[in-house]
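**Student:** please find the sequence and the predicted model below.
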Amino acid sequence: MLKLIRKLALALGVLLGITVVISVFYLARGGAFKTIDSHYAGECTSFPLDGSAEDIEIDRERGFAYFSQLDRMATAQGRQAAPGSIMRLDLNTMELSNALLTTTDHMGPHGISLYISPEGERTLFMINHPADRENGIETINRYIETQPGEFSLAEVLSHPDVISPNDLVAVGPKQVYVVNDKGAEGSLQKFLENIFGVGYSKLVYFDDNEARTVLNDVASGGGINASTDGQLIYIAETGGQNLRVLNRNADGTLTDAINVALGTSPDNIDVAADGSLTIGAHANIMALIQHFISGEPAPSQILSVSGSPEAGYTTEEIYLNTGEEISTSSVGATYGNKLLIGSITARQVLVCESPM
């Protein structure tokens, strides 16, 4: 009996040791031990909003910034949130207005994408979450511009594989890629698996009246965008802590080109006119989870990525903050020497001016 007890104790000790090692690994990977040394080369001012701007799109020809605005903290805490919308900030006058002339019955905006045709016609796509995300249908709203900076609803899209959409990118007036952030609807376990790079989600391509899944191995899609020529697709794999760069084929399918390890959990991606990327990121996933539980600030991080699949990519951390200035950054977008920072929950946008 004593020998059996010793064997059981040894087995339990080994199991406990393995559990501790795995736990420490994932805590470290999630940024739990990362030192947050706040820095930014320029100056930032807060622009207040009625909700958080989880995603930002810039119309650089006109100097308009579009915000995906919603009181997401209220939604996360189970409180009734006011209907969301897409807001337009004129970066020349700093005047804020509603960009949508028509809406749907429920407005739960998430990722947004603006497509500008060679003729200058503008189409705006928006992920619209249902009021009941456990049982409702996730949809994509497509809007067309009817006045400068003002959009009317054209159609509503859906697909069985769009179950937890996080972001999307338009590559034509009726062509859009939609990436999910998890693979199992309503599963906290699957959510945590995705965050730590274990689970996978799908990418769906809409081409006019047809839609199909083109990827099923995305390590939790937090953001997606396209190169200025439309030939590359960038996916921010939040769980994989990776920037995935893919070649876009004529039929809409995608072929992997290169993976860029970021060492942090990326979210939305902005593509500047020169092709460089600005990525909102979460330096400490443990703090992000705690933020939704207790409201404590979570770090905000912005990366700048430049390069090509052939030459490789370089990454620079251009903004980092403990969360006191703005918490839970989800997007950074540039316009000239301005850097706009949006958040999952903070009811503001930071408008930062970098040195010329």
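**Tutor:** It's in.
**Student:** quick one: low-confidence residue ranges for the stretch 101-250 of the chain.
**Tutor:** Low-confidence segments of the stretch 101-250 of the chain, defined by pLDDT under 70, are located at 184-198.
**Student:** in stretch 145-160, what's buried?
**Tutor:** Residues of stretch 145-160 classed as buried: 145, 151, 153, 157-159 (neighbour count, 16 or more other Cβ atoms under 10 Å). The C-beta positions use only the backbone N, C-alpha and C, and glycine is treated the same way.
**Student:** taking those residues one by one, which sit in strands?
**Tutor:** Taking DSSP state E as the definition of strands, those contribute 145, 151, 153, 157.
**Student:** need those residues in a markdown table with distance to Thr123, can you?
**Tutor:** Formatted as a markdown table, these follow (distance: Cβ to Cβ, whole Å):
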| residue | distance to Thr123 |
| --- | --- |
| Glu145 | 7 |
| Phe151 | 8 |
| Leu153 | 12 |
| Leu157 | 12 |
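**Student:** and these, which is closest to Thr228?
**Tutor:** Using Cβ to Cβ, Glu145 comes nearest to Thr228 of those, at 20.1 Å.
**Student:** the closest one contacts Ser117, doesn't it?
**Tutor:** No: contact criterion Cβ atoms under 8 Å: Glu145 and Ser117 do not qualify, at 10.4 Å.
**Student:** of the ones in strands among the buried residues of stretch 145-160, just say which sits nearest to Gly111.
**Tutor:** Distances from Gly111 to these, taken by Cβ to Cβ, are shortest for Leu157, at 13.5 Å.
**Student:** for the strand or helix carrying Ile289, buried residues please.
**Tutor:** Here Ile289, judged by DSSP states H and E, is contained in helix 285-294. Neighbour counts over helix 285-294 (16+ other Cβ under 10 Å) mark 285-289, 291-292 as buried.
**Student:** dump those residues to TSV, plus distance to Ala74 and pLDDT.
**Tutor:** Listed next are those as TSV, based on distance: Cβ to Cβ, whole Å; pLDDT from 0 to 100:
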residue	distance to Ala74	pLDDT
Ile285	22	92
Met286	23	91
Ala287	20	92
Leu288	17	92
Ile289	18	90
His291	14	91
Phe292	12	85
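**Student:** what bridges to Gly307?
**Tutor:** Gly307 has these beta-bridge partners by DSSP bridges: Tyr313.
**Student:** okay, it and Glu54: tell me how far apart.
**Tutor:** Distance from Gly307 to Glu54, counting by Cβ to Cβ, to the nearest Å: 27 Å.
**Student:** of the two, who's got more company?
**Tutor:** Per other Cβ atoms under 10 Å, whichever of Gly307 and Glu54 has more neighbours is Glu54, with 29 against 16.
**Student:** isn't there a strand covering that one?
**Tutor:** Yes: counting by DSSP: H, G, I helix; E, B strand; the rest coil, Glu54 is found in a strand.
**Student:** mind listing what it touches?
**Tutor:** Applying Cβ atoms under 8 Å, 6 or more residues apart in numbering, we find Glu54 in contact with 68, 70, 72, 109-111, 268, 330-331, 342-344.
**Student:** and the buried residues of helix 285-294, which is closest to Gly252?
**Tutor:** Distances from Gly252 to the buried residues of helix 285-294, taken as Cβ to Cβ, are shortest for Ile285 (32.0 Å).
**Student:** got a markdown table for the buried residues of stretch 145-160, with distance to Thr264 too?
**Tutor:** What follows is these, written out as a markdown table (distance: Cβ to Cβ, whole Å):
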| residue | distance to Thr264 |
| --- | --- |
| Glu145 | 35 |
| Phe151 | 33 |
| Leu153 | 36 |
| Leu157 | 32 |
| Ser158 | 32 |
| His159 | 30 |
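**Student:** which of those sits closest to Ser97?
**Tutor:** Nearest member of these to Ser97, counting by Cβ to Cβ, is Phe151, at 11.9 Å.
**Student:** apart from its neighbours in sequence, what residue is nearest the closest one?
**Tutor:** Nearest in space to Phe151, with sequence neighbours left out and distances taken as Cβ to Cβ, 6 or more residues apart in numbering, is Tyr143 at 3.7 Å.
**Student:** state the helix or strand in which that neighbour lies.
**Tutor:** Per DSSP H and E, Tyr143 falls inside strand 139-147.
**Student:** and what of Leu168?
**Tutor:** strand 165-172.
**Student:** one more: Thr75?
**Tutor:** Applying DSSP H and E as the criterion places Thr75 in helix 72-76.
**Student:** which other residues reach that helix?
**Tutor:** 51-52, 54, 80-81, 108, 292, 295, 344-345.
**Student:** what angle sits between the host helix or strand of Leu203 and strand 139-147?
**Tutor:** Element membership of Leu203 [criterion: DSSP H and E] is strand 201-207. Strand 201-207 and strand 139-147 are oriented at 40 degrees to each other (axes from the mean of the first three to the mean of the last three Cα atoms, to 10 degrees).
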